[in-house]
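this one's sequence-less:
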């Protein structure tokens, strides 16, 4: 638009219709941001807490706004069905009209420019000054039989003062033009042509570069300018047209393929055979007895016939393919009338609970979360739209995929917010992340200032020695990894390990009463052993369901093997720490 010399009122109309066109995408994200900020402010100032303390649940607080969101969703639906099609029609009409204004500004590098009637223009490079480098022009004003090809090193294009012509100035080039006369007989291998070199050539092309508003009727058949009844009417009529085309061409095509290609009950001699018949009975024996030149001829004829049938099918299928593409585009536009309206309601059920959970108002964190969620929604919508356009999914599946994801996220956040979950607690997420990346917890003990009960060193050493013996027996049982089937038959509570860890805690608590810093320091060498939590697998339905579903079962099995290996290593380290503490107690003459 820049540099085209268009009046301000035209640009104002364009921006106005563009603003209307962006409403369906702007309304959902505005609802998401506003609900996040509103409930975030209520949570930050403890107003939500006060209402909940008064016995008012979060759902009851949201009820008036839910009614408002349903009303807004209805308005959005009416807007998209009645107002948006007309705005989109006018918007694209202005855009189409602007393309004919100053076409020299629309030339792009590395692609053909086809907006000038009778010419195709290819430019390899375009400089900021407007100079065109490595220009190739195809002039077919006189028909495709007399095409002129012009190749030049550089050139410029400008509009004449009266804006009725394009002046194309070319430098250092050559032109080629065939000199074929119609209805003339000549040798195809010796087609005459005219070749001309030039250093400077100016071409005058008749082209009206004044801004002329196109008729809005050029956009009436586009899906963007139709409401729901028009979309449904087009889809229904076009499907009926496709069905009629199928009913017309299918019998003829089947007859051409099967009736002429497969003639049953015929046998052939080596001396004579039909070139238009595929031998069905004893074909392999017949074919192997033929000479090589006859085999080649049969294959060439079969290839030629197959290509002809394929081309005929493609030619007859083209109208249906074009109609099917238009049907898909109209069905996508029809689904958009509903999906964007539903998205307004779904975004509210995401923003309001999320704001109550994070308890942060203002424009900082809510804006970041809103953009992140909307980008996620837009990415999923684009993915579903692409699959729908390619015909890999049904249109309703591709268009409602993003809404399904939003609905699941909204249900999850609403449930967590109603139950005051710690889903957004930073400490909880930090602890989970540390466990996921394998960061281990470290014991941190300090000497007590006041010791009420001195430690019983002999008893602690006795427990350590007995514990080491039990650990050796436990490690012998866990040394071998169980097979997949044996793994699912075992007890997942691991009671022996729980008893061993309880015994360890007893003497650690006892030795923490020591007044020796060396002993306290040794206690910090014990690794923190966390048993695997697979108790839910003790339920038979859950256990065998996971075992049968191999992706889930194998994942749990591998995690168990890795966790058990870690526990075994921690137990061996604990045994060494026991021995070191025993030696230190002997050296300190405490036993």
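That came in fine, so what should we check first? Quantities reported herein were computed from a predicted structural model and do not represent experimental measurements.

Give the buried residues for the helix or strand where residue 518 lies.
Assessed by DSSP states H and E, residue 518 sits inside helix 517-523. In terms of neighbour count (16 or more other C-beta atoms under 10 Å), helix 517-523 has its buried residues at 519-520, 522-523. Every C-beta, even on glycine, is put in place using the N, C-alpha and C of the backbone.

again with stretch 472-487
Residues of stretch 472-487 classed as buried by neighbour count (16+ other C-beta under 10 Å): 474, 478, 487.

Could you pull out the strands in the stretch 1-150 of the chain for me?
Counting by DSSP state E, counting those that start in this stretch, the stretch 1-150 of the chain has strands at residues 112-113, 119-126, 132-139, 148-159.

With mean neighbour count added, can I get those in TSV?
Below are the strands of the stretch 1-150 of the chain laid out as TSV (neighbours: other C-beta atoms under 10 Å):
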stretch	mean neighbour count
strand 112-113	14
strand 119-126	17
strand 132-139	18
strand 148-159	19
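
okay, the ones you listed in TSV with mean pLDDT next?
TSV is the format used below for the strands of the stretch 1-150 of the chain (pLDDT from 0 to 100):
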stretch	mean pLDDT
strand 112-113	76
strand 119-126	84
strand 132-139	86
strand 148-159	85
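
will you turn the ones you listed into CSV that also has distance to residue 571?
Below are the strands of the stretch 1-150 of the chain laid out as CSV (distance: least, C-beta to C-beta, whole Å):
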stretch, distance to residue 571
strand 112-113, 73
strand 119-126, 71
strand 132-139, 74
strand 148-159, 80
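
What mean pLDDT does stretch 59-78 get?
When pLDDT is averaged along stretch 59-78, the result is 92.

quick one: contacts of that stretch?
Under the criterion C-beta atoms under 8 Å, 6 or more residues apart in numbering, residues 24, 27, 31, 35, 48, 51, 337-338, 340-342, 344-345, 348, 352, 418 lie in contact with stretch 59-78.

go again using 6 Å as the cut-off
27, 51, 341, 344-345, 348, 352 (C-beta atoms under 6 Å, 6 or more residues apart in numbering).

What's the PyMOL syntax to select whichever of these are buried?
Applying 16+ other C-beta under 10 Å to the contacts of stretch 59-78 leaves a buried subset, and the PyMOL line that selects it is:
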select buried, resi 27+341+344+345+348+352
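
immediately after the longest helix along the chain, which helix or strand?
Secondary structure assigned by DSSP state H gives helix 292-358 as the longest helix of the chain. The helix or strand immediately downstream of helix 292-358 is helix 365-389, counting by DSSP H and E.

which secondary structure elements does that next one contact?
helix 23-44, helix 395-418 (3 or more C-beta pairs under 6 Å, 6 or more residues apart in numbering; DSSP states H and E).

Give me the buried positions along the shortest one.
Yep, that's helix 23-44 we're talking about. Neighbour count says helix 23-44 has 23-24, 27-29, 31-43 buried, by 16+ other C-beta under 10 Å.

got it, and the longest one?
Across helix 395-418, burial judged by 16+ other C-beta under 10 Å covers 395-396, 398-403, 405-407, 409-410, 413-414, 416-417.

what about residue 233, distance to residue 87?
Counting by C-beta to C-beta, to the nearest Å, the separation of residue 233 from residue 87 is 21 Å.

Look at those two and report which has more neighbours.
Applying other C-beta atoms under 10 Å to residue 233 and residue 87 shows that residue 87 carries more neighbours, namely 19 against 12.

And the residue nearest to residue 454 when sequence neighbours are not counted, how close does it get to residue 443?
Distances taken as C-beta to C-beta, 6 or more residues apart in numbering put residue 513 closest to residue 454, at 6.0 Å, once the chain neighbours are dropped. Counting by C-beta to C-beta, the gap from residue 513 to residue 443 is 16 Å.

With neighbour numbers in mind, choose between the two.
Between residue 513 and residue 443, residue 513 has the larger neighbour count (other C-beta under 10 Å), namely 16 against 11.

show me what contacts that one?
Residue 513 neighbours (C-beta under 6 Å, 6+ apart): 451, 453, 455.

confidence score at the residue nearest to residue 454?
87.

Okay, it and residue 457: tell me how far apart.
For residue 513 relative to residue 457 (C-beta to C-beta), the value is 10 Å.

show me where pLDDT drops low in the stretch 401-550 of the chain?
Low-confidence regions of the stretch 401-550 of the chain, defined by pLDDT under 70, span residues 421-440.

50 instead, please
Within the stretch 401-550 of the chain, no stretch has pLDDT under 50.

about what we covered before: of the strands of the stretch 1-150 of the chain, which approaches residue 549 most closely?
strand 112-113 (53.3 Å; C-beta to C-beta).

Apart from its chain neighbours, what residue comes closest to residue 91?
residue 17 (3.8 Å).

and the one you found, what does it touch?
Going by C-beta under 6 Å, 6+ apart, residue 17 touches 87, 90-91.

Would you mind measuring from it to residue 219?
12 Å.

Let me have the buried residues of stretch 472-487 in CSV, extended by secondary structure.
Formatted as CSV, the buried residues of stretch 472-487 follow (DSSP: H, G, I helix; E, B strand; the rest coil):
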residue, secondary structure
474, helix
478, helix
487, helix
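
domain assignment for this structure?
As given by automatic domain parsing, the domain ranges for the chain are 8-98+335-418, 103-208, 226-324, 457-587.

Distance from the chain centre to the one helix or strand residue 286 maps to, please.
Assigned by DSSP H and E, residue 286 belongs to helix 283-288. Put simply, helix 283-288 sits 53 Å off its chain's centre (C-alpha atoms, centre = their mean, to the nearest Å).

how about it: buried residues?
Residues of helix 283-288 classed as buried: residue 286 (neighbour count, 16+ other C-beta under 10 Å).

Which other helices and strands does it contact?
Contact partners of helix 283-288 among helices and strands, from 3+ C-beta pairs under 6 Å, 6+ apart: none.
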